[in-house]
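Enquirer: I'll drop the sequence and a predicted model, then ask my questions.
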Amino acid sequence: MEELDEALRKVADAEPNRMQVAGFIKLLRDRCEIGTAPECDPAALRAEVFRLATQQRRALGIREPFHRSAVIDACAARHHCTPEQLESMLFADLPGAQLLSSMQPITPIDLLHRYNLALAQGILLRSTQVTIHLVPTTATRIRQLIRAMRFRRLMFQITGSAQSGYEIVLDGPMSLFESTQRYGIQLALFLPALVAEEGWSLKARLRWGKERKEAVLSISDQDGFVSPYRKDSTELEEISTLVESFSRLDCPWSVRRSSRIFHLQNQSLFVPDLVFEKDNKLRVYLEAFGTWNRDAVFDRVQILQQELGERFILAVSKKLRVSPEIACDDFPLRILVYGSAISAHSVWRLLEDIVKDV
């Protein structure tokens, strides 16, 4: 890879707009698969060579010289290769020595589309708030966007209806006290999901430059953005794992992904992840809450205190340090705090607890 990197540096240096060329190179590098030779384990090979060298040094007399070539020759014979091949494999895992094994092809126009989208994604890393407006649309479409935002664990509020259109307000990374870079990357990765839709506009408030001056980014579906987004790849791992593990339980409850949208009194929306059903009459909805801000959990509990006529479970990551006691026993809502995964047995116990007085 050293030869390739050097050639790319020469290409960038020869162009007047060096930063733009560097952006294209970054996108192309991201499409490359780079690694060591498949038959080679450089770390194990180095350990073997160093071990043999140590043994030979200890066996030498005080005036006897150490011959590095003898160690290389002996190891090469063990691995049925030439000393030159062994030398090339010793440090094959270092960045400069790695091999370009393959690259996903891309046309020039597609590369230009990716570049334009990446520019907008980079700007979102400096945002404090992002507001999205959607023209009147179907419930299926809005569920897809909500699913994509949840997949990226974004903090958002959504209001509106299928008849009047929707407004989505997302917290930007520059509004957080910690994990701003991680959250910003997730926000940037959400943008292709939005761009894949029609009838949208986005306005982002920014803190720009070293002085963090206020600025605004305004883009829409009329700006020619093209998305590589696939709609079949946006579900939280916690949800897919829970569906799989719960379906294996021998219990009277069934589980499926929820398609229902709850319209709340303040015109905001609540879209659960899953719905559990028993005897075709008992129903409990679950939302997985893996966000960056624990205050959002308290806001959700307050919202669900409205009379929605249903029962709910909020599954909350223990990283948010939320107590299950924030949900009152006399209210049809339970908090389930989970670690790396949502326990199917814990959900079953909560389901029975919620409906025990029905």
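Expert: It's in.

Enquirer: against which helices or strands is the one helix or strand Trp348 maps to packed?
Expert: Using DSSP states H and E, Trp348 maps to helix 344-354. Judged by 3 or more C-beta pairs under 8 Å, 6 or more residues apart in numbering; DSSP states H and E, helix 344-354 is in contact with helix 237-247, strand 274-278, strand 282-289, strand 311-317, strand 333-338. In this view, the C-beta of every residue, glycine as well, is placed from N, C-alpha and C.

Enquirer: please enumerate the helices of the stretch 151-300 of the chain.
Expert: Applying DSSP state H, counting those that start in this stretch to the stretch 151-300 of the chain gives helices spanning 180-195, 237-247, 295-303.

Enquirer: and those as a markdown table, adding distance to Arg349?
Expert: What follows is the helices of the stretch 151-300 of the chain, written out as a markdown table (distance: least, C-beta to C-beta, whole Å):
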| stretch | distance to Arg349 |
| --- | --- |
| helix 180-195 | 32 |
| helix 237-247 | 12 |
| helix 295-303 | 20 |
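
Enquirer: take these and write them to a markdown table, including mean neighbour count.
Expert: Output for the helices of the stretch 151-300 of the chain, formatted as a markdown table (neighbours: other C-beta atoms under 10 Å):
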| stretch | mean neighbour count |
| --- | --- |
| helix 180-195 | 19 |
| helix 237-247 | 16 |
| helix 295-303 | 15 |
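
Enquirer: lowest-confidence stretch among the ones you listed?
Expert: Mean pLDDT per stretch puts helix 295-303 lowest among the helices of the stretch 151-300 of the chain, at a mean of 76.

Enquirer: does Met103 touch Ile34 like I think?
Expert: No. Contact criterion C-beta atoms under 8 Å: Met103 and Ile34 do not qualify, at 9.4 Å.

Enquirer: ok, back up a step: which of the helices and strands packed on helix 344-354 has the highest mean neighbour count?
Expert: Greatest average neighbour count among the helices and strands packed on helix 344-354 goes to strand 311-317 (a mean of 24), per mean count of other C-beta atoms under 10 Å.

Enquirer: what's next to that strand, contact-wise?
Expert: 238, 242, 272, 283-290, 297, 300-301, 304, 322, 327, 332-339, 342, 347, 350-351, 354-355 (C-beta atoms under 8 Å, 6 or more residues apart in numbering).

Enquirer: might you calculate how far the helix or strand hosting Thr54 sits from the centre of the chain?
Expert: Thr54 belongs to helix 42-59 when assigned by DSSP H and E. Counting by C-alpha atoms, centre = their mean, to the nearest Å, helix 42-59 is centred 41 Å from the centre of its parent chain.

Enquirer: do the same with stretch 185-196
Expert: How far stretch 185-196 lies from its chain's middle: 10 Å, per C-alpha atoms, centre = their mean.

Enquirer: likewise for stretch 342-351?
Expert: When distances are taken as C-alpha atoms, centre = their mean, stretch 342-351 is centred 26 Å away from the chain's centroid.
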